[in-house]
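J.: Sequence plus the predicted model coming up.
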Amino acid sequence: MRYLFVIQGEGRGHLTQALSLASMLRRHGHEIVGVLVGRSPERRLPEFFVRKIGLPITEFEAPQFAFDRSNRSVSLLRTLLCNLSPRRARAFDRSMHLIRDRIRELRPDRIVNFYELLTSLTVRRFGIHIPMTGIAHQFLLNHSRYPFARHTGIQGRLLRLHARLTACGCSELLALSFRPDEADTRHHIRVVPPLLRREALSGVSSNGDFILGYMVNNGFARDLRSWCGNHPQCSVHVFWDHPLSPETWYAEGRLVLHRLDDRLFLDMMRSCRGYVTTAGFESVCEAMYHGKPMMLIPAHIEQRINAADAAASGAGITADRFDLDRFNAFLACRPQPDPGFRRWVDSAEGHFLQLLTRS
């Protein structure tokens, strides 16, 4: 079968899920005929994705999160104002026409939508009848048995509305989950394992002497540098995407800041003592697979829900800042990883091939 991938390009999670699924489908003789990525003008695609997807990539302007003045957490008001401006509305209209034209040109058998809103709206707006499958952890938000999206106020309701809008036009939704659960037939949601790349599943895990971090929001950098300067005995390696940063920056104490490097990140994930992250679904799953305790510092409502879900699964503790004193205390009583999670992840290929290769 011929597949067209359309991917939300904010962060690395949906991009790495696409790499994993592309590898699975290609191993079984299927073809990825095109890749479209929606992103904000301020973001650039990670080099590892451009290299590994193995196809020309069509990029288009898409809705984005806007952060608060400290660049630490998402501002709901700023996000709405940013995406509802007349300039952005015109850009989104151009993007939808581009998506439509690429679908007509490539003529795939199925569209795989990695949580990209404009693609779903395009399919509905232009009456495109090609089957489309949505893949994302966020589709769990509207699953009738999912408890972590309840009682989350106006932000939670808006998040669930966004998930419903992104689901429109999809014939089936595959909700990536930390654990198995029943299908929600009313909402066309099937619960499936996380999509982790083979590189993330391979290698031997060990316990080194350093803490690993992944920082999407660069506003945390000042606090982190201050803490490391006051704790020079503690080794900390953090990956970030600051556009002006060198590839490797040896900062205060034993803090090392790295530009995003997929291979180095995975190597360090396997050998770290523990992992500090903003609770993006993909990197949490990678850490859980290698049995790494985590401190989860969500930057917005979606990540707060992810963090609560992961903590309930025994992945680690939640926090509202880089509180490495508390994390070191947690690591001292290191919990045992759940072997059931590895078995769940290892079953992914069978699930996805069964669900996506049906005519």
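T.: Structure's in. What do you need? Numbers count the residues shown, from 1 in each chain.
J.: in its sheet, what does the helix or strand hosting Val6 sit against?
T.: Take DSSP states H and E as the rule and Val6 turns out to sit in strand 2-8. Counting by DSSP bridges, the strands paired with strand 2-8 are strand 31-39 (parallel), strand 110-114 (parallel).
J.: May I see these arranged in JSON lines, with mean neighbour count, mean pLDDT and distance to Thr152 as well?
T.: For every residue, glycine as well, the C-beta is placed using N, CA and C. Below are the strands paired with strand 2-8 laid out as JSON lines (neighbours: other Cβ atoms under 10 Å; pLDDT from 0 to 100; distance: least, Cβ to Cβ, whole Å):
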{"stretch": "strand 31-39", "mean neighbour count": "21", "mean pLDDT": "96", "distance to Thr152": "25"}
{"stretch": "strand 110-114", "mean neighbour count": "25", "mean pLDDT": "98", "distance to Thr152": "23"}
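J.: Redo those strands as TSV? Include distance to Glu182.
T.: TSV is the format used below for the strands paired with strand 2-8 (distance: least, Cβ to Cβ, whole Å):
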stretch	distance to Glu182
strand 31-39	31
strand 110-114	23
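J.: Those strands: which one's closest to Gln17?
T.: strand 110-114 (5.9 Å; Cβ to Cβ).
J.: ok, Pro63 - contacts?
T.: Shown in contact with Pro63 (Cβ atoms under 8 Å, 6 or more residues apart in numbering): 38, 83, 88, 92, 117-118.
J.: Could you give the number of residues near the closest residue to Gly229 other than its chain neighbours?
T.: Of all residues beyond its chain neighbours, the one nearest Gly229 is Glu252 (3.5 Å), with distances taken as Cβ to Cβ, 6 or more residues apart in numbering. Per other Cβ atoms under 10 Å, the neighbour tally for Glu252 reads 15.
J.: For the strand holding Val6, C-alpha coordinates in CSV please.
T.: C-alpha atoms of strand 2-8 as CSV (Å, rounded to 0.1, in the frame of the first residue of the first chain):
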residue,chain,number,x,y,z
ARG,A,2,1.0,3.6,-0.5
TYR,A,3,0.9,5.9,2.5
LEU,A,4,1.1,9.7,2.9
PHE,A,5,2.4,10.9,6.3
VAL,A,6,1.4,14.3,7.6
ILE,A,7,3.0,15.2,10.9
GLN,A,8,2.7,17.9,13.5
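J.: How about the secondary structure of His58?
T.: To be clear, residue 58 is Thr; His isn't right here. Put simply, Thr58 is strand when judged by DSSP: H, G, I helix; E, B strand; the rest coil.
J.: quick revisit: can you redo the contacts of Pro63 as TSV, where the extra columns are distance to Ala307?
T.: Below are these laid out as TSV (distance: Cβ to Cβ, whole Å):
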residue	distance to Ala307
Gly38	25
Asn83	24
Arg88	29
Phe92	30
Leu117	23
Leu118	27
